[in-house]
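> give the three-dimensional model of this entry:
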Amino acid sequence: MVADGSGHAPRRRGVLLDVDGTLLLSNDAHAETWAAALRESGRDVPAARVRPLVGMGGDKLLPALGVDVDEDEANRLARRKK
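Take a look at the predicted model:
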């Protein structure tokens, strides 16, 4: 029962989003796609290792994983990840 005693739920008047507008949790999906892109390039980096780094740009994520690539390869990996 609602406060007005009518038994009807109040009409929704808005949507609450977090600060950056995220509508769903996608960190696991991002970790999996980075891991897949890296695996396709011959690097075996488990998604569990990538997961805590999600949110970093590829320019910071790849070095944090110990992946040494030049800018062209980093761009290829980022495109493949997408």
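
> please, where are all the helices along the protein?
27-40, 47-50, 58-64, 71-81 (DSSP state H).

> same list (those) but as TSV, adding mean neighbour count, distance to G7 and mean pLDDT.
Heads up, the C-betas are built off the backbone N, CA and C, glycines and all. Listed next are the helices of the chain as TSV, based on neighbours: other Cβ atoms under 10 Å; distance: least, Cβ to Cβ, whole Å; pLDDT from 0 to 100:
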stretch	mean neighbour count	distance to G7	mean pLDDT
helix 27-40	17	40	96
helix 47-50	17	48	97
helix 58-64	16	52	94
helix 71-81	14	50	94
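
> those helices: which one's closest to G14?
Across the helices of the chain, G14 has its closest neighbour in helix 27-40 (25.8 Å, Cβ to Cβ).

> that closest one - contacts with which helices or strands?
Applying 3 or more Cβ pairs under 8 Å, 6 or more residues apart in numbering; DSSP states H and E, we find helix 27-40 packed against helix 47-50, helix 71-81.

> got these as a markdown table, with distance to L65 columns?
Output for the helices and strands packed on helix 27-40, formatted as a markdown table (distance: least, Cβ to Cβ, whole Å):
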| stretch | distance to L65 |
| --- | --- |
| helix 47-50 | 7 |
| helix 71-81 | 11 |
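
> so for A29, which of the ones you listed sits nearest?
helix 47-50 (9.5 Å).
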